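Undergrad: Okay, sequence plus prediction incoming.
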Amino acid sequence: MPDTGVVRAFLDPALFTLAGQVTAFANRELDSDPEPADDAAARRHARELLGRLGAAGWFAPIAEQHLRACCLVREALAAASPLADAVFALQALGTLPIVLAGSEDLKHRWLPGVLAGTAMAAFAMTEPEAGSDVGAIATTAQRDGADYVLNGKKTLISNAGIADFYVVFASTDPGAGNKGLSAFVVPADTPGFRFVRPLTLSAPHPLGDIAFDNARIPADCRLGAEGAGFRIGLGTLDRLRPTVGAAACGMSERALAEALRHAGTRRQFGAPLAANQLIQEKLARMATDLAAARLLVYRAAWEKDHGAERITLEAAMAKAFATEAAQRIVDDAVQILGGRGVLAAHPVDRLYRSVRSLRIYEGTTEIQQLVIAGQLLKAAGVPR
């Protein structure tokens, strides 16, 4: 269960109850799931997890925009099943733009299925030449009467090939850079849309390339006004970055628990491994990093839940610190477990393969550091 005591000041009684409920679900329903054997199995399992999470009601905080609840759900899921956490994360990424900027018709069409776990979402922003540099997006959406016609390619798209709809970022004014980007909801059965190929990660995670070849969608599939795509995308990421930190905390918590269990039972040189002061130093650092990460994550989420218009600085700090700390914590856990920590069937090895991507998606650590510095310099009135 997430260590709610550490972040008690940021939670209320209902959230303590939620933390216990989602942890019990994760331990009962997810922890014993075998890891999918290959990419095809991972795709099938992701759809199955979607239904199980939806039936349990865990997607509700996304539509409610309750950030601390989303963080608690992700922390519990990530500790038990990184793939289940990824399913939740993509529902949030692909749904929040509709919540923030979608018409009532779009909300009515997609949100019930999202919450029930019958409609899978995807977030399509990254392109072969446009990652952190969103202004380099080359996919175009040209107005043609009552429709838009989309052309272009997207890469490294989670849920590619299995999603029911994609929130797609495309340029409606190629000469305007960021200000020319617009966002659209594209159903997976749209003629001209195609799943190009899967991309396989070391950890189970549905990923792939998609393309648009004169894909025609009604104009009412646009989210917000033309040119509002950059604002919608950044607003979504601004809100959800703390939840990435929460997932990192969940993986860290599981790694620390496995390391503590092993250190207390494994004997070397006639004594428990935990008697070794170098092991104690690792455990102490792991626990301290985890506590600090949680405080940053739930501080950011608390600010948003209590009406902050933007949490750019807080979200960037939470994501950068929590994900970098998780990498250190999981690595230390592998080191403490020794050979057992690199066996494919061990939870720590699964965490080791899963944790690395957290430092990249939704803005790399380096981008978060630039964001943090930019916010500090802006507040100090220092020109850049």
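TA: Perfect, I can see it now. What you see is a predicted model, and the numbers here were worked out from it, not measured in a lab.

Undergrad: Give me the residue at the spatial middle of the chain.
TA: residue 89 (4.0 Å; CA atoms, centre = their mean).

Undergrad: three-state assignment of that residue?
TA: Residue 89 carries the three-state label helix when classified by DSSP: H, G, I helix; E, B strand; the rest coil.

Undergrad: Point out where this structure drops to low pLDDT.
TA: Counting by pLDDT under 70, the chain contains low-confidence residues at 1-2.

Undergrad: could you pull out the helices for it?
TA: Remark: helices assigned in the chain by DSSP state H are 13-25, 39-56, 60-64, 67-80, 82-101, 104-116, 229-265, 277-305, 312-337, 347-355, 365-380.

Undergrad: can the ones you listed go into TSV with extra columns for distance to residue 210?
TA: C-beta coordinates here come from the backbone N, C-alpha and C atoms, glycine included. Formatted as TSV, those follow (distance: least, CB to CB, whole Å):
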stretch	distance to residue 210
helix 13-25	31
helix 39-56	14
helix 60-64	22
helix 67-80	25
helix 82-101	13
helix 104-116	18
helix 229-265	17
helix 277-305	30
helix 312-337	25
helix 347-355	23
helix 365-380	23
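
Undergrad: for those helices, which one sits closest to residue 123?
TA: Nearest of the helices of the chain to residue 123, taken as CB to CB: helix 82-101 at 3.9 Å.

Undergrad: need the contact list for residue 281.
TA: Not one residue lies near residue 281 by CB atoms under 8 Å, 6 or more residues apart in numbering.

Undergrad: per-domain residue ranges of the chain.
TA: Domain assignment of the chain by automatic domain parsing yields the ranges 8-116, 121-226, 230-380.

Undergrad: among the helices of the chain, which is the most enclosed?
TA: Compared across the helices of the chain, helix 67-80 shows the largest average neighbour count, a mean of 29 (mean count of other CB atoms under 10 Å).

Undergrad: Residue 124 pairs with what?
TA: Beta bridges link residue 124 to residue 168 when assigned by DSSP bridges.

Undergrad: For it, the count of nearby residues, please.
TA: 28 (other CB atoms under 10 Å).

Undergrad: Repeat that for residue 218.
TA: Other residues close to residue 218 by other CB under 10 Å number 12.

Undergrad: I figured residue 343 was touching residue 349, is that so?
TA: Yes - using CB atoms under 8 Å, residue 343 is in contact with residue 349, at 5.9 Å.

Undergrad: quick revisit: quick one: which of the helices of the chain is nearest residue 208?
TA: helix 39-56 (9.1 Å).

Undergrad: Show residues contacting the closest one.
TA: Here helix 39-56 makes contact (CB under 8 Å, 6+ apart) with 25, 29-30, 33, 36, 59, 77, 81, 83-84, 86-88, 91, 114-118, 120, 159, 161-162, 198, 200, 204-206.

Undergrad: tell me how far it is from the chain's mean position?
TA: 16 Å (CA atoms, centre = their mean, to the nearest Å).

Undergrad: For it, C-alpha coordinates in CSV please.
TA: Output in CSV follows, covering the C-alpha atoms of helix 39-56 (Å, rounded to 0.1, in the frame of the first residue of the first chain):
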residue,chain,number,x,y,z
ASP,A,39,4.4,-8.4,-27.8
ALA,A,40,1.2,-10.0,-29.1
ALA,A,41,0.4,-11.4,-25.7
ALA,A,42,1.1,-8.0,-24.1
ARG,A,43,-1.4,-6.4,-26.5
ARG,A,44,-4.0,-9.0,-25.6
HIS,A,45,-3.3,-8.6,-21.9
ALA,A,46,-3.4,-4.8,-22.0
ARG,A,47,-7.0,-5.0,-23.4
GLU,A,48,-7.9,-7.5,-20.7
LEU,A,49,-6.5,-5.2,-18.0
LEU,A,50,-8.4,-2.3,-19.5
GLY,A,51,-11.7,-4.1,-18.9
ARG,A,52,-10.7,-5.2,-15.3
LEU,A,53,-9.6,-1.7,-14.3
GLY,A,54,-12.8,-0.2,-15.9
ALA,A,55,-15.1,-2.7,-14.1
ALA,A,56,-13.4,-1.8,-10.8
